[in-house]
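# structure here, sequence nowhere to be found:
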Ligand code: DGI
Ligand code: FE
Ligand code: FE
């Protein structure tokens, strides 16, 4: 793994200042969660650092990159191309940033909607993205921040529940994967308890 500094310089050229600040927040929050859940800290930091590397790519360009690289897009992704920054982010992390670690690439690919049965790194990134210190708009943030260090799966479920609630209110197109992931984590909790 190259030093994080090398990626940082390159990334700063690929994104605006605010997005870069958010990225640093996610990187350090991922590190903290990795410590709490006995995960490799460097790996978590690299996932955090690169997770939004496609966020500032224009929508048309994201769609074009999907076409050229045989990445399937769903109707909801074509209507809300910002959703594609996750899949395209994984592509750029591999091709442009030369990341070979499949777990990191997967965590980046699913960081917006989640997916059923996420592994520890997937969940660390998903949660860190939502709770990093620069975030201030979501409801229940202080509760979720506390929960994040106690039970990762419950936190994932709570974030999905709040996100779906928020999207329903503002009538944003909901990606079926967000709903599938929520149902999965809700049902899993009922099985475990
Ligand atoms: O890229 P970030 O803003 O850092 O974070 P993200 O990749 O998790 O994207 C967050 C946004 O994505 C947030 O406003 C909620 C939205 N989102 C999550 N699931 C869905 C969704 N938006 C739509 N339209 N549909 C979804 O299913
Ligand atoms: Fe994102
Ligand atoms: Fe993000």
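That came in fine, so what should we check first? Since the structure is predicted, the reported quantities are computational estimates derived from the model, not experimental observations. Ligands and ions are numbered 1, 2, ... in the order given.

# can you tell me what sits against the host helix or strand of residue 155?
For residue 155, the element it lies in under DSSP states H and E is helix 152-169. With contact meaning C-beta atoms under 8 Å, 6 or more residues apart in numbering, helix 152-169 is reached by 33, 37, 114, 118, 120, 123-124, 126-127, 130, 138-140, 143-144, 147-148, 172, 174, 178-179, 181-182, 185-186, 188-189. Placement of C-beta: from N, CA and C, glycine included.

# can you select the buried ones from those residues in PyMOL?
Restricted to buried positions by 16 or more other C-beta atoms under 10 Å, the PyMOL selection for the contacts of helix 152-169 reads:
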select buried, resi 33+37+114+118+120+123+124+126+127+130+144+147+148+174+178+181+182+185
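
# so which of the contacts of helix 152-169 are in helices?
33, 120, 123-124, 126-127, 130, 143-144, 147-148, 178-179, 181-182, 185-186, 188-189 (DSSP state H).

# and the helix holding residue 155 with ligand 1, contact?
Yes. If you take C-beta under 6 Å from any ligand atom as the test, helix 152-169 does meet ligand 1, through 163, 167.

# the residue at minimal distance from the centre of the chain: what secondary structure?
Nearest to the mean C-alpha position of the chain, by C-alpha atoms, centre = their mean, lies residue 111 at 2.3 Å. Each residue gets one of three states, and residue 111 gets coil by DSSP: H, G, I helix; E, B strand; the rest coil.

# I'd say it and residue 51 touch.
Yes. Assessed by C-beta atoms under 8 Å, residue 111 is found in contact with residue 51 at 5.1 Å.

# any common contacting residues for these two?
What both residue 111 and residue 51 touch, as defined by C-beta under 8 Å, 6+ apart, is the set 86, 89, 125, 129.

# count the neighbours of the first one for me.
Here the number of neighbours of residue 86 (other C-beta atoms under 10 Å) works out to 23.

# got the residues of this structure near ligand 3?
Counting by C-beta under 5 Å from the ion, the positions of the chain adjacent to ligand 3 are 52, 129.
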